[in-house]
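K.L.:
Give me a 3D structure for the following:
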Amino acid sequence: MSEPLPTPDTGPAPLAATSRRAAGARFAVFWGAPPALWQAAFFLVPLGFLVAMTFWSVKNFRLTPDATLANWMFILNAGFFRSAYVYTFWLAALTAVIASLAAFPAAYTLAYKVSPATRRFMIFMLVVPFFTSYPVRIYSTQIFFSPQGIINTVLVPLGLGPLQVLNTPTGTVVGYLVLTLPLVVLLQTFALANVPRILIEAAHNLGCGRFRTIWSVIIPSARIGLIVAGTFAFVLAFGDYVAPTYLGGSRPPTLSILIADQVKSGNNWPRASVVAVMMIVTLMVVMLVMIGLAYGRRKERA
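P.N.:
As a prediction, this is how the structure comes out:
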C-alpha cells in the first residue's frame, strides 16, 4: 500500500504572518490618520467650498448661493483672462528653465567637487534665505534694482546703466528666481549626490569625458530629482503674488493678481474662485505630466 501524502502545515506560522500584517495595517492607520484628516479638513473641504463658490452669484455686492454657470462663461470667454493665463504660464515655465539651468553647475559642484564639510556649510547657507520672510527678500531686491539702487550706482559710472528691471517682466522673473533658486539648488544637489559613484567611474573607465559623463550618465540617473526640482520652481512661480506685484508692477497682470482684482472689483468672489480653480487644475495637470516624464522610463524598464 502507498503511504499517505503529507498534509500542508497549517500551524502557527500563517497565523503569525497574518497577525504581523494586521499589526502593520493598524500601525499605518494610526500614523497615517492625522495627516489624512489634516489634508481633508484644510485642503479638500476648502477646495470643495472653492469649487462650489464658482457657481454662486453676487447680488448687491453680497454673495448669494446659486447654481449658475455665468461666472465660468464670463471668465473663460474674457480676453484678459486668456492673456493673463498665457503670460503667467510663460513666466513660470521660463523661471523653471532658468532656475534648473542656473542651479545645475552649483549643484554639480556641491555634489562632486567639494568636501563633505563644505557641502554641509553651503547647504546650510542655501537654507538660510528661508529663515527670512519672502516679502522682505523681495523688498531687498527692489532696493538693489531701483533707479538709485546698488546695481545702477555701480553700472552708471561705467556707462552701462541705468538698468531698468523694476515694473517689467524681467523684474517678475528675478523675483521668481529669488523664491525658487535656492530650493532648486538643494533638490538638484540631493539628486546628484545620490547617483551611484560606480556608474561615473565606469563611464570614465570606458573613455567618457566629463561632459559626456554628465550628459549620458549623471543626468539620466538623476532625472527624477532634476524634474521634481524644475516642477517645484514652476509651481511656486505660477502661484506667486508678491514678485509680479512689487517687482513686475502688476502690468500685465498674472493670474494671482487677477484674483485680487476680481475680489476688489465689486467683491466678486465667485469669479475669483473660477480663476483659482483654473490655476489648481493647471498645476495638477503639469505635475501629472512631469511625474509621468520622471517615472515613465523606469516603468518601461521594469
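K.L.:
Run through who's touching stretch 265-273.
P.N.:
With contacts defined as Cβ atoms under 8 Å, 6 or more residues apart in numbering, stretch 265-273 is touched by 50-51, 53-58, 61-63, 71, 74-75, 258-260, 262-263. Using the backbone N, CA and C atoms, a C-beta is placed for each residue, glycine as well.
K.L.:
Now it: buried residues?
P.N.:
Residues of stretch 265-273 classed as buried under the neighbour-count rule (16 or more other Cβ atoms under 10 Å) are 268, 269, 270, 271, 272, 273.
K.L.:
what does stretch 147-167 give?
P.N.:
149, 151, 152, 165, 166.
K.L.:
The residue lying closest to the last one once chain neighbours are set aside: neighbour count?
P.N.:
Pointing back at residue 166 there. Of all residues not flanking residue 166 in the chain, residue 145 sits nearest, at 5.5 Å (Cβ to Cβ, 6 or more residues apart in numbering). Residue 145: 21 surrounding residues under other Cβ atoms under 10 Å.
K.L.:
now swap in residue 196 and tell me
P.N.:
10.
K.L.:
before we move on, what about residue 92?
P.N.:
For residue 92, the neighbour count with other Cβ under 10 Å is 26.
K.L.:
any idea how far residue 202 is from it?
P.N.:
Distance from residue 92 to residue 202, counting by Cβ to Cβ, to the nearest Å: 38 Å.
K.L.:
same for the helix or strand that contains residue 91, what does it pack against?
P.N.:
Per DSSP states H and E, residue 91 falls inside helix 79-108. Here helix 79-108 touches helix 169-193, helix 223-238, helix 255-264, helix 269-301, going by 3 or more Cβ pairs under 8 Å, 6 or more residues apart in numbering; DSSP states H and E.
K.L.:
lowest-confidence stretch among the ones you listed?
P.N.:
Here the lowest mean pLDDT among the helices and strands packed on helix 79-108 goes to helix 269-301, at a mean of 87.
K.L.:
Buried residues of it, list them for me.
P.N.:
Using 16+ other Cβ under 10 Å as the test for burial, helix 269-301 gives 269-279, 282-283, 286, 290, 294.
K.L.:
Next: stretch 62-82.
P.N.:
71, 72, 75, 81.
K.L.:
Ok, stretch 197-206 next?
P.N.:
Judged by neighbour count using 16+ other Cβ under 10 Å, the buried positions of stretch 197-206 are 200, 203.
K.L.:
Need the residues that contact it.
P.N.:
Here stretch 197-206 makes contact (Cβ under 8 Å, 6+ apart) with 212, 213, 216, 217, 218, 221.
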